[in-house]
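> output the structure for:
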Amino acid sequence: MSIKTSAFRTAGIMTAAGAASLVLSVLPAHAVGTQAAPTGTASQGTTVDVERPQGQPGPLKTAGAKNKFAGAAAAAESSSAPITRSSVIARAKTWVDAKVPYSQSSYREGYRTDCSGLVSMAWNLGTNAWTGNLDTYANRISKSELRKGDMLLFHNAANPVSGSHVVLFESWTDSSMTSYIGIEQTPPHAVRRVIPYSYFSNAGSYVPYRYKNIVEDQVAAPSKVHLEVVGADGAMWNTDGDYAAGAWTGSWSSVGGSGLKALTSVVTDNTMHVFAIGSTGRVYTKDANYGTGQWSGDWVEVPGGFEGASALTASVTGSKVHLEVVGADGAMWNTDGDYAAGGWSGSWTSLGGSGLKALTSVVTGNTMHVYAIGSGGRVFTKDANYTTGQWSEGWAEVPGNAEGATALTASVTGSKVHLEIVGADGAMWNTDGDYAAGGWSGSWTSLGGSGLKALTSVVTGNTMHVYAIGSGGRVFTKDANYTTGQWSAGWAEIPGSAEGALALTASVTTK
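Numbering: from 1, shown residues only. Now for the predicted structure:
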């Protein structure tokens, strides 16, 4: 999909833009057995938990039932029908939307309308389980492995019928993993709300489980690359390539700006967020929504009033963007933005370092790995673990003793990081690290090229695409197919005959 550009107003580069934000709508959370608090904040008070009498296991009550999931009971009788995570949540929400009353003796679509009945229905078990046997349909997992459609189960052996409970997990509310969005059948009716981990009461007794027949949602593989460069005029220019279709647009379109020095970009929810360093080292952003096909208006300054930035990189964990810059002091500085919540932290924090020249970053799991070129052109790394909320101590040199590096980029396939630099000879060099195995290859391999000035890279499928600015400011590309283990031969110029490019970035989306 092509993006429609908006006229750029050079005098308005620092004006505010109305950025749309996605806000999660949930029922107000409250202590069990009380009315919902009007603030929507999960209460963790000492309110005594209510009893939820549950029925015993048994077959679907299909007689006279109007099953809106046509054929679901028959399809699931053997408890072997796969179901996607999104389908589990969608089914559970039907009871929330209908405010199905809690009852151990009533049935809806054949399922008992108590807590275990809701999970039986959401998982499409084709039978009514209870807390005493739901675990037989699932595998035990850890807290950190919880994903949408999993359950948190408390079977109280001392009071199994009235003192047990089960909740469907939908998502964490933030990276601290201290509260989550849960769906549960509880008096007076089914709710979807914020719940403190693991529950309001008996928090040490709830155990995470994953349904044995749950499968991952089918997500369209990103194949469309959006390549941006800073042109000789100091503005940003764009071209798009579709690796599934095997073609580029063949032309470059101006997206405006003036005096731009460096670029980086990330994607959240099919929207590309580009960040740029302007003429005084201030940091700006501009979005391209590939769902609507529109670019945002003017460039907007990232809150915090940073000045003197000389390099930048950005990565995403969930809906949160982590933006790092090299400041005038040669150290790395960080600020965070949450596009789901619709705001930025509004301040910059120093993360140390000295003499840093260039940055790039990737994410594996919930950890961001930043790579930097330091004095002497050596390459260093520093990690931010967003599960623990901790940065690693100091900077560690990437094994292999690279020297004279002038530019760098990194991409991930699986748990493996592919790190490329431009060496003192103007060629591109590569080393690989495997964070699951805990090691680096320990050496750098030349991949050719001459006169290279800047690098960026993306991954589609299991192939990494590297883009480089060469002599004359022309833009070239080279691929590494990690299924076959082969690099493409030589460097190919990106169609459109760009000249005078000074900086570049690339992102990939499904549209």
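> low pLDDT regions in the stretch 51-200 of the chain?
Within the stretch 51-200 of the chain, the segments meeting pLDDT under 70 span 51, 62-80.
> contacting residues for T484?
Taking CB atoms under 8 Å, 6 or more residues apart in numbering as the contact definition, T484 lies against nothing. No exception for glycine: its C-beta is placed from N, CA and C like everyone else's.
> pLDDT at it, what is it?
As predicted, T484 sits at a pLDDT of 94.
> what about it, distance to N462?
According to CB to CB, to the nearest Å, T484 and N462 sit 9 Å apart.
> mind checking the SS state of W95?
Recorded secondary structure, W95: helix (DSSP: H, G, I helix; E, B strand; the rest coil).
> how about G376?
Recorded secondary structure, G376: helix (three-state DSSP).
> what sits against it?
E403, G404.
> ok, 7 Å please
E403 (CB atoms under 7 Å, 6 or more residues apart in numbering).
> and for the host helix or strand of N334, what's in contact with it?
If you go by DSSP states H and E, N334 is part of strand 332-338. With CB under 7 Å, 6+ apart as the test, strand 332-338 has contacts from 302, 304, 306, 319-327, 344-345, 347-353, 356, 359, 372.
> what residues does the next helix or strand after that strand touch?
Sequence-wise, the next helix or strand downstream of strand 332-338 (DSSP H and E) is strand 343-344. For strand 343-344, contacts defined as CB under 7 Å, 6+ apart pick out V302, P303, T335, G337.
> how far does the next helix or strand after strand 343-344 sit from the chain's center?
Sequence order places strand 349-350 as the next helix or strand after strand 343-344, per DSSP H and E. Mean-position distance between strand 349-350 and its chain equals 23 Å (CA atoms, centre = their mean, to the nearest Å).
> list the helices and strands strand 349-350 packs on?
The contact analysis (3 or more CB pairs under 7 Å, 6 or more residues apart in numbering; DSSP states H and E) places strand 349-350 against strand 332-338.
> next, the distance between the ends of stretch 124-138.
13 Å (CA to CA, to the nearest Å).
> buried sites along that stretch?
124-132, 134-135, 137-138 (16 or more other CB atoms under 10 Å).
> coming back round to it: of the contacts of strand 332-338, just the buried ones, ChimeraX syntax please.
Buried members of these, defined by 16+ other CB under 10 Å, are picked up in ChimeraX with:
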select :302,304,306,319,320,321,322,323,324,325,326,327,344,348,351,353,356,359,372
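> from the contacts of strand 332-338, which land in strands?
The strands, defined by DSSP state E, take in K320, V321, H322, L323, E324, V325, V326, W344, T349, S350, L359, A372 from the contacts of strand 332-338.
> okay, and the beta partners of the nearest residue in space to the first one that is not next to it in sequence?
Just to be clear, that refers to K320. Nearest non-adjacent residue to K320, counting by CB to CB, 6 or more residues apart in numbering: D338, 5.0 Å away. In this entry, D338 is beta-bridged to K320, G343, by DSSP bridges.
> tally of neighbours for D338?
Using other CB atoms under 10 Å, D338 has 17 other residues around it.
> same check on S450?
S450: 11 surrounding residues under other CB under 10 Å.
> surely it is in a helix?
No - looking at S450 with three-state DSSP, it is coil, so not inside a helix.
> so it is in contact with V422, correct?
No - applying CB atoms under 7 Å, one finds S450 not in contact with V422, separated by 10.2 Å.
> of the ones in strands among the contacts of strand 332-338, which one scores lowest on pLDDT?
K320 (90).
> got a list of contacts for the host helix or strand of V362?
Element membership for V362, per DSSP H and E: strand 358-364. With contact meaning CB under 7 Å, 6+ apart, strand 358-364 is reached by 311-313, 315-317, 324, 326, 332, 368-373, 407-412, 415, 417, 435.
> what do you get for stretch 412-424?
362, 364, 369, 371, 377, 379, 398, 402, 404-411, 428-436, 452, 455, 457, 459, 462, 464, 466, 480, 482.
> can I get it in PDB? Just the C-alpha atoms.
Taking Å, rounded to 0.1, in the frame of the first residue of the first chain, the C-alpha atoms of stretch 412-424 are listed here in PDB:
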ATOM      1  CA  VAL A 412      17.400 -10.900  14.600                       C
ATOM      2  CA  THR A 413      16.300 -14.300  13.300                       C
ATOM      3  CA  GLY A 414      15.100 -16.500  16.100                       C
ATOM      4  CA  SER A 415      17.400 -15.900  19.100                       C
ATOM      5  CA  LYS A 416      20.400 -15.100  16.800                       C
ATOM      6  CA  VAL A 417      21.600 -11.600  16.300                       C
ATOM      7  CA  HIS A 418      23.400 -10.700  13.000                       C
ATOM      8  CA  LEU A 419      25.600  -7.600  13.500                       C
ATOM      9  CA  GLU A 420      27.100  -5.800  10.600                       C
ATOM     10  CA  ILE A 421      29.600  -3.000  10.500                       C
ATOM     11  CA  VAL A 422      31.300  -0.800   7.900                       C
ATOM     12  CA  GLY A 423      35.000  -1.300   8.500                       C
ATOM     13  CA  ALA A 424      37.900   1.100   7.900                       C
END
